[in-house]
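Undergrad: need coordinates for the following:
(one chain, ligands or ions: 1)
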Amino acid sequence: MAGVGRRRRAARVALMPLPFQGHITPMLQLAGALHARGLAVTVLHTAFNAPDPTRHPGLSFVSVPDAIADAVAATANGGADRVAAMNAAVEAPGLAEGVRDALASLMRLGEEEGGEPRLACLVIDATLTAAQKAASGLGLPTLVLHTCSAACFRLFGSYDMLYDKGYLPAQESNLLLPVKELPPLQVRDLFDPSKLPNKEIGLKLLNLASETTASSSGAIFNTFGALEAQELEIIRNELAAKRIPIFAIGPLHKLTSIDGKGTSLLNQDCTCIEWLDTQESGCVLYVSFGSVVNVTLDQFTEIAWGLANSGKPFLWVVRPGLVLGVEKPELPEGFECAVEGRGKVIEWAPQQEVLAHSAISGFWTHNGWNSTLEGIFEGVPMLSKPHIGDQLVTGRYVEDRWKIGILLEGVLERGKIEKAITMLMEGKDGMEIRERAKDMKEKAQLCRESSGSSQQAVDNLVDRILSFSG
Ligand code: UDX
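TA: Just a heads-up that it's a prediction; the model follows:
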C-alpha cells in the first residue's frame, strides 16, 4: 500500500462512527487505512453495537459512556424503524459529554512530554453533530466521513430546493418527472420526508450531513473519481468556496487491511463458501439486503418464489429480523423441495468473499452504499431493489448512470422478480450489463493502485491531519 509507514505515529486521530453496521464498517476501514499510513488511531464507540477490539490489535478503542444503548435499542429492535433509531443515536443523552471527556483525556495524554502522539483531530460520522460540538468546544478540528455516495450527499443538501420547486411532496402525477438539477434522479427516487410519521425529524436527519460538513475542516467520501466524477467536481467546487477540502478515498474496503470479518457485527456463516465451490463458475445469484432493511411476510414469500421460479442457483441471506415482526421466518411450504441442490439460505454471509467468488454472477441488493461498492469492485452486475434514503439514489445510478444493473421498481411480485433475474443473468441486455460491470471493476482497481486517485487522496488526507497537529 502506498505511503505505508512513511510517518511513524506522528500524530493521533480519533474516529467516531454512528453505531450501525453500514456506518461502523467504513469508519473502521478508514481507521485501518490511517493506521497503515503511520498515524496512531483511537476509535470512540458506544456500548450499543460496540466493535470487537480484539479483531484490531493496532487500533485503540475508547467506550463513550452514555445512554445511547437504551434509546436506540428501544426503536431498533423488532420494528427497526431506521429513521427513529438514527434519531435516537444522534440525540442520545450524554453523548456530547462522553465524547468531550474522552477527547479531553486523549488531548492531555498527547501533551505530556515524551508521551503519546498528539491528538490532531476527530473524524466523525456525518450525522454526529453532538460529537462535532464536543470537539469544537475543545478547539479540536473535525473531519466528516460520508458513508453514502457523493450523489446522495448532493441530494441531502437539496431538500429546500426540492420543496421550493415543487418536486416534493411527491405526487402520483410527478413520480416519473426528472429532477433536472440532480440528474439522473426522478421524483420517485427522492426519499420523501413528508411520508414519514414525523417529517421534521426526517428533514433534520437529512440536513445533518450538510451541517457537519459546513463546520468541518474536510469532507471524506467513500467513493472514487471514475465512479462519481461529476458529483465530486460539483461538491469540490462548492466546498472550495468555504475552504473545505474533499477526499475521495473509496472503495474503502480495498484501501485497508481490515476485512469483512473484522467489521461485521454478526457472525458470518462461511459454510456458504464451500457450497459456492460446488457450483459452476458464473451462475449463482447472491441475494442480500444488508443489516437494516425489513420486508413484509408477503414480500418475503414473493422473493422466495421469484428465486425458486427463476431456475437459477442462488445464495440468499435471511438475517434474523429481516421479516417485519418475525424473528426467524419460515420459508414457504414447498420452497425447499423446489430449490433443492441449487439454493442455499443463510443468516449472514462473508459478503466480500462471496462477491469475489467465481461462482457469483449477479447480486440482488438493496443498494446500501457498502454493498454497492463491494459489488462494483468485484464487477458483479446488480438487481437493485432499494428501500429507503440513499439506497433509492444508488438504485437509479446503477440502472441509468453506470448501467451495471436492473432496477426492480414497484411492488415485489414473483413473476416480475423471475423475469428480472432471467434478464440479468441471460440474454443480450444482461450481457451488456455484465460487460459494463467488468469495465467499472477495472476502473475501481486502478484507483487503488499506488498512483491511483484514491491512494493519493489518502495521502492528502494524512497530510491534512498532520497539518492540524502542528
Ligand atoms: C445502511 C444503509 O441501509 C445504507 O443505505 C447506507 O448506505 C449505510 O447504512 P446497510 O443497510 O447495512 O447500511 O447496508 P450496507 O451499506 O450495504 O452495509 C452492509 C454491510 O454488511 C456490508 O459491508 C456487507 O459486506 C456486510 N454484510 C451484509 C455482511 O457482512 N454479510 C451479509 O450477509 C450482508
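Undergrad: walk me through the domains of this protein.
TA: 12-255+450-469, 270-446 (the TED database).
Undergrad: what distance separates the start and the end of the shortest one?
TA: Distances were taken as C-alpha to C-alpha, to the nearest Å; on that basis the terminal residues of domain 270-446 are 29 Å apart.
Undergrad: do that domain and the ligand meet?
TA: Yes. On the criterion C-beta under 6 Å from any ligand atom, domain 270-446 is in touch with the ligand at 288, 290-293, 317, 348-349, 351-352, 368-371, 374, 389-391. Every C-beta, even on glycine, is put in place using the N, C-alpha and C of the backbone.
Undergrad: do the same with the first one
TA: Yes. Taking C-beta under 6 Å from any ligand atom as the criterion, domain 12-255+450-469 and the ligand are in contact, through 20-23, 25, 147-148.
Undergrad: returning to what we had before: nearest to Thr263, out of the domains of the chain?
TA: domain 12-255+450-469 (4.3 Å; C-beta to C-beta).
Undergrad: how long is the closest one end to end?
TA: The first and final residues of domain 12-255+450-469 sit 9 Å from each other (C-alpha to C-alpha).
Undergrad: and that domain, how far from the chain's centre?
TA: Put simply, domain 12-255+450-469 sits 11 Å off its chain's centre (C-alpha atoms, centre = their mean, to the nearest Å).
Undergrad: so the one residue in the stretch 1-150 of the chain that gets nearest to the ligand, which state does it fall into?
TA: Nearest to the ligand, among the residues of the stretch 1-150 of the chain, is Gly22, at 2.1 Å (C-beta to the nearest ligand atom). With DSSP: H, G, I helix; E, B strand; the rest coil as the basis, Gly22 sits in helix.
Undergrad: which residues does it contact?
TA: By C-beta atoms under 8 Å, 6 or more residues apart in numbering, the contact list for Gly22 reads 147, 290-292, 368-370.
Undergrad: can I get those in TSV with pLDDT, neighbour count and secondary structure?
TA: Converted to TSV, the contacts of Gly22 look like this (pLDDT from 0 to 100; neighbours: other C-beta atoms under 10 Å; DSSP: H, G, I helix; E, B strand; the rest coil):
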residue	pLDDT	neighbour count	secondary structure
Thr147	98	27	coil
Gly290	96	21	coil
Ser291	94	24	coil
Val292	90	22	coil
Gly368	98	27	coil
Trp369	98	26	helix
Asn370	98	26	helix
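Undergrad: sort out which one of these lies nearest Asn267 for me.
TA: Nearest to Asn267 out of those is Ser291 (C-beta to C-beta; 13.1 Å).
Undergrad: phi and psi next, for the closest one.
TA: phi -100, psi -10 (degrees, to the nearest 10).
Undergrad: same check, this time on Glu112
TA: As for Glu112, its main-chain torsions (degrees, to the nearest 10) stand at phi -70, psi 140.
Undergrad: need the pLDDT of it.
TA: Per-residue confidence at Glu112 stands at 86 (pLDDT).
Undergrad: likewise Val4?
TA: Note on Val4: pLDDT of 43.
Undergrad: ok, for Asp125, nearest residue in space, not its chain neighbours?
TA: Distance criterion C-beta to C-beta, 6 or more residues apart in numbering; nearest residue to Asp125, sequence neighbours excluded, is Leu18 at 4.1 Å.
Undergrad: Three-state assignment for the one you found, please.
TA: When classified by three-state DSSP, Leu18 comes out as coil.
Undergrad: going forward, the N-terminal residue is numbered 862.
TA: Noted, 862 is the first residue going forward, which turns the last one into Leu879.
Undergrad: now do the helices in the stretch 1012-1161 of the chain.
TA: Remark: helices assigned in the stretch 1012-1161 of the chain by DSSP state H, counting those that start in this stretch are 1020-1025, 1060-1075, 1090-1101, 1121-1124, 1132-1138, 1158-1171.
Undergrad: the longest one packs against which elements?
TA: Contacts of helix 1060-1075 with other secondary structure elements, assessed using 3 or more C-beta pairs under 8 Å, 6 or more residues apart in numbering; DSSP states H and E, are made with helix 943-952, helix 990-998, strand 1003-1007, helix 1011-1017, helix 1020-1025.
Undergrad: list the buried residues of that helix.
TA: Neighbour-count burial for helix 1060-1075, with 16 or more other C-beta atoms under 10 Å as criterion, is recorded at 1062-1063, 1065-1067, 1069-1074.
Undergrad: please apply the same query to the last one.
TA: Buried positions in helix 1158-1171, judged by neighbour count with 16+ other C-beta under 10 Å: 1160-1171.
Undergrad: same check, this time on the first one
TA: Going by neighbour count (16+ other C-beta under 10 Å), the buried part of helix 1020-1025 is 1020, 1023.
Undergrad: what sits up against that helix?
TA: Contact with helix 1020-1025 is made by 1029-1030, 1040, 1042, 1051, 1054, 1064, 1067-1068, as judged by C-beta under 8 Å, 6+ apart.
Undergrad: possible to save the residues you listed as JSON lines with pLDDT and distance to Asn1098?
TA: Below are the contacts of helix 1020-1025 laid out as JSON lines (pLDDT from 0 to 100; distance: C-beta to C-beta, whole Å):
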{"residue": "Leu1029", "pLDDT": "97", "distance to Asn1098": "25"}
{"residue": "Pro1030", "pLDDT": "96", "distance to Asn1098": "30"}
{"residue": "Val1040", "pLDDT": "98", "distance to Asn1098": "20"}
{"residue": "Glu1042", "pLDDT": "98", "distance to Asn1098": "15"}
{"residue": "Leu1051", "pLDDT": "97", "distance to Asn1098": "23"}
{"residue": "Pro1054", "pLDDT": "92", "distance to Asn1098": "27"}
{"residue": "Leu1064", "pLDDT": "93", "distance to Asn1098": "25"}
{"residue": "Leu1067", "pLDDT": "94", "distance to Asn1098": "22"}
{"residue": "Asn1068", "pLDDT": "95", "distance to Asn1098": "21"}
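Undergrad: just the closest of these to the ligand, please.
TA: Nearest to the ligand among those: Leu1067, at 13.3 Å, using C-beta to the nearest ligand atom.
Undergrad: and the closest one, what does it touch?
TA: Here Leu1067 is in contact with 1017, 1020, 1052, 1054 (C-beta under 8 Å, 6+ apart).
Undergrad: doesn't Ile1249 make contact with the third one?
TA: Yes. Because the distance of 6.5 Å satisfies C-beta atoms under 8 Å, Phe1052 is recorded as touching Ile1249.
Undergrad: out of these two, which sits in the busier spot?
TA: More crowded of Phe1052 and Ile1249, by other C-beta atoms under 10 Å: Phe1052, with 22 against 14.
Undergrad: looking from the ligand, tell me which residue of the stretch 1212-1331 of the chain is nearest.
TA: For the stretch 1212-1331 of the chain, C-beta to the nearest ligand atom, closest residue to the ligand: Gly1229, 2.2 Å.
Undergrad: that residue is in contact with Gly1151, isn't it?
TA: Yes. Distance between Gly1229 and Gly1151: 4.1 Å, which falls inside the contact criterion (C-beta under 8 Å).
Undergrad: cool, thanks, talk later.
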